[in-house]
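> here are the coordinates; sequence isn't available:
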């Protein structure tokens with residue numbers, strides 16, 4: 001599918017389908033539970049970091065505490081219980097203190113917590129800090145956002161000392177502050193309901209200079225702000241997506257904005273959260289639909305192309321984070337003779353643990369899942385993919401089109417996957433297109449998939465038409481390469497059309 005053949009507006013018609021690096025439309029990755037039993041409750045935050053010794057730490061936060069994943073199960077590391085609600089995302093930052101990497105978390109309700117990756121439980125952050133709603137680290141200091149408009153700044157290299165003079169109130173725009181996010185080594189962005197600020201480190205008694213850059217609509221939640229290096233993206237209160245680079249705020253989500261406006265629950269919008277899928281350079285935002293009580297839908301934005309489409313999940317996805325997936329070497333991974341294996345792995349403990357960048361998702365029932373692991377399903381549940389060409393006049397604006405055959409091309413799948421095609425038609429554009437089901441086929445079979453359209457009831461021609469595909473699969477493996485629509489041109493009947 002050449003880039004010039006598909007306008008970015010096409011992708012707004014896609015559900016759970018996106019273009020991969022080879023140009024194919026593929027179904028989104030599924031997920032699998034990290035263990036049979038999760039932390040429980042409702043997951044409100046996730047974080048991954050490594051200790052100074054290089055030990056991986058994956059932490060999940062629910063409404064009452066924190067849990068650490070030890071590779072096989074979840075271990076409770078809660079100290080004093082948390083009391084946050086369903087909109088109180090747990091926001092975290094990693095800070096090195098005297099060579100020990102520590103995870104610091106806030107939820108806007110309880111006192112900030114700190115964990116060193118080894119202690120049995122987290123502790124209250126020292127220095128009597130305020131109750132923060134968001135946190136970010138820059139220029140060797142911790143910046144904590146305190147409702148409704150205050151930012152506190154820690155001592156240099158010490159997140160547990162909070163000088164009384166290092167405080168600023170961002171009151172110029174007259175709005176409520178929402179969140180903060182890093183923008184590189186020495187800068188932090190701060191966001192209000194309708195303001196965007198940049199805090200840059202400076203050599204002064206007050207360590208940061210704060211400048212209000214713009215007054216565009218702000219993010220729907222602090223967790224909806226997503227960083228890509230020194231640039232931030234966020235899903236905003238006006239249902240658009242914005243890009244902020246510290247200099248200007250630019251709307252970039254016009255193609256998908258109508259879908260967000262029609263489907264995002266305004267009442268529950270604060271539950272929205274975002275996730276950067278680094279390998280594909282795409283951001284996912286998860287939000288509740290108008291009738292949902294947890295984030296079951298969403299959108300994606302590919303940063304390099306501007307392509308944006310729809311997401312749908314069978315369960316409420318309430319938290320997300322980047323993650324480092326460590327795969328264990330198994331017998332199936334080994335090749336060669338016993339002598340070669342012994343030379344490479346002299347002991348059982350030397351098999352190693354190859355790792356790659358992945359993501360984790362937390363859900364409304366307290367389970368945590370790894371993205372892109374498992375069999376291609378959503379933890380055993382089917383993923384529904386839908387993609388449709390924009391309705392257009394294939395024979396030109398002055399003619400009607402008589403559809404004959406549609407050739408559709410897929411990569412052969414390893415498992416049986418049924419594709420359900422249909423043709424959509426309308427003569428007036430005054431109502432939505434009418435869909436007519438066509439013959440289903442299995443893409444695990446090596447065959448030409450030529451679909452006969454002569455029986456679709458359009459023998460007299462139709463002004464506007466589209467082709468739609470639907471698939472529901474538990475095995476992934478759907479990759480569409482494009483299609484060819486064959487037909488003939490005929491005249492348009494005079495008088496009123498229907």
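Arrived safely, thanks for sending. None of these values were measured; they are calculated from a predicted model. Numbers count the residues shown, from 1 in each chain.

> In the stretch 351-498 of the chain, where is pLDDT below threshold?
351-355, 493-498 (pLDDT under 70).

> if we go to 80?
Applying pLDDT under 80 to the stretch 351-498 of the chain picks out residues 351-356, 455-460, 493-498.

> How about the stretch 151-300 of the chain?
Nowhere does the stretch 151-300 of the chain drop to pLDDT under 80.

> show me where it has helices.
Secondary structure of the stretch 151-300 of the chain by DSSP state H, counting those that start in this stretch: the helices cover 257-263.

> which stretches of it form strands?
Assignment of strands within the stretch 151-300 of the chain using DSSP state E, counting those that start in this stretch yields the ranges 167-169, 177-182, 187-192, 196-201, 208-214, 225-228, 231-235, 241-244, 249-251, 273-277, 282-287, 297-302.

> Including mean neighbour count and distance to residue 433, could the ones you listed go into JSON lines?
(Glycine included, C-beta is placed from N, CA and C.) Formatted as JSON lines, the strands of the stretch 151-300 of the chain follow (neighbours: other Cβ atoms under 10 Å; distance: least, Cβ to Cβ, whole Å):
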{"stretch": "strand 167-169", "mean neighbour count": "15", "distance to residue 433": "54"}
{"stretch": "strand 177-182", "mean neighbour count": "24", "distance to residue 433": "40"}
{"stretch": "strand 187-192", "mean neighbour count": "25", "distance to residue 433": "40"}
{"stretch": "strand 196-201", "mean neighbour count": "21", "distance to residue 433": "40"}
{"stretch": "strand 208-214", "mean neighbour count": "15", "distance to residue 433": "40"}
{"stretch": "strand 225-228", "mean neighbour count": "21", "distance to residue 433": "34"}
{"stretch": "strand 231-235", "mean neighbour count": "26", "distance to residue 433": "29"}
{"stretch": "strand 241-244", "mean neighbour count": "22", "distance to residue 433": "27"}
{"stretch": "strand 249-251", "mean neighbour count": "16", "distance to residue 433": "29"}
{"stretch": "strand 273-277", "mean neighbour count": "24", "distance to residue 433": "32"}
{"stretch": "strand 282-287", "mean neighbour count": "25", "distance to residue 433": "27"}
{"stretch": "strand 297-302", "mean neighbour count": "24", "distance to residue 433": "22"}
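
> Might you report the residue contacts of the residue most central in space within the chain?
The residue lying closest to the centre of the chain (Cα atoms, centre = their mean) is residue 284, at 2.1 Å. Going by Cβ atoms under 8 Å, 6 or more residues apart in numbering, residue 284 touches 274-275, 277, 298-300, 311, 320.

> what's the answer for residue 469, then?
Neighbours of residue 469 in contact, by Cβ under 8 Å, 6+ apart: 385-388, 408, 419-421, 480.

> Mind doing that once more with 6 Å?
By Cβ atoms under 6 Å, 6 or more residues apart in numbering, residue 469 lies in contact with 387, 419, 421.

> Check residue 48 too.
By Cβ under 6 Å, 6+ apart, the contact list for residue 48 reads 58, 323.

> And what about it, helix, strand or coil?
Following DSSP: H, G, I helix; E, B strand; the rest coil, the label given to residue 48 is strand.

> And the pLDDT for it?
pLDDT, the model's per-residue confidence, is 97 for residue 48.

> just the helices in the stretch 301-450 of the chain please.
338-344.

> Distance to residue 222 added to the contacts of residue 284, as CSV?
As requested, the contacts of residue 284 are arranged in CSV below (distance: Cβ to Cβ, whole Å):
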residue, distance to residue 222
274, 10
275, 14
277, 20
298, 17
299, 18
300, 20
311, 20
320, 13
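
> Would you agree residue 65 is in contact with residue 79?
No: in this structure, residue 65 is not within contact of residue 79 by Cβ atoms under 6 Å, at 7.9 Å.

> Please say which of the two ends up with more neighbours.
residue 65 (20 against 16; other Cβ atoms under 10 Å).

> mind listing what the more buried one touches?
78, 82.

> pLDDT at it, what is it?
Note on residue 65: pLDDT of 98.

> One more: residue 21?
For residue 21, pLDDT reads 85.

> Chain neighbours aside, what residue packs nearest to it?
residue 280 (7.1 Å; Cβ to Cβ, 6 or more residues apart in numbering).

> Likewise for residue 216?
Among residues not flanking residue 216 along the chain, residue 249 sits closest, at 4.5 Å (Cβ to Cβ, 6+ apart).

> For that neighbour, which residues are in contact?
Contacts of residue 249 by Cβ under 6 Å, 6+ apart are 196, 214, 216, 242.

> hang on, the earlier thing: distance of the residue nearest to residue 21 from residue 287?
Residue 280 sits 20 Å away from residue 287, taking Cβ to Cβ, to the nearest Å as the criterion.

> Sort out for me which of the contacts of residue 469 are in strands.
387, 419, 421 (DSSP state E).

> And for the residue lying closest to residue 321 once chain neighbours are set aside, the neighbour number?
Leaving aside its sequence neighbours, residue 321 sits nearest to residue 46 (Cβ to Cβ, 6+ apart; 3.7 Å). Residue 46 has 25 neighbouring residues, counting by other Cβ under 10 Å.

> Then the one 4 residues further on?
The number of residues packed around residue 50, counting by other Cβ under 10 Å, is 13.

> what sits against it?
Applying Cβ under 6 Å, 6+ apart, the residues near residue 50 are residue 56.

> Ok, residue 270 next?
Residue 270 sits next to 87, 221 when contact means Cβ under 6 Å, 6+ apart.

> Could you check how far it is from residue 223?
For residue 270 relative to residue 223 (Cβ to Cβ), the value is 9 Å.

> Leaving out the residues flanking it, which one is nearest to residue 186?
Nearest non-adjacent residue to residue 186, counting by Cβ to Cβ, 6+ apart: residue 201, 4.0 Å away.

> so what's the one you found bridging to?
Assessed by DSSP bridges, residue 201 has beta-bridge partners residue 208.

> hang on, it packs against residue 139?
Yes: the criterion here is Cβ under 6 Å, and residue 201 meets it with residue 139 at 3.6 Å.
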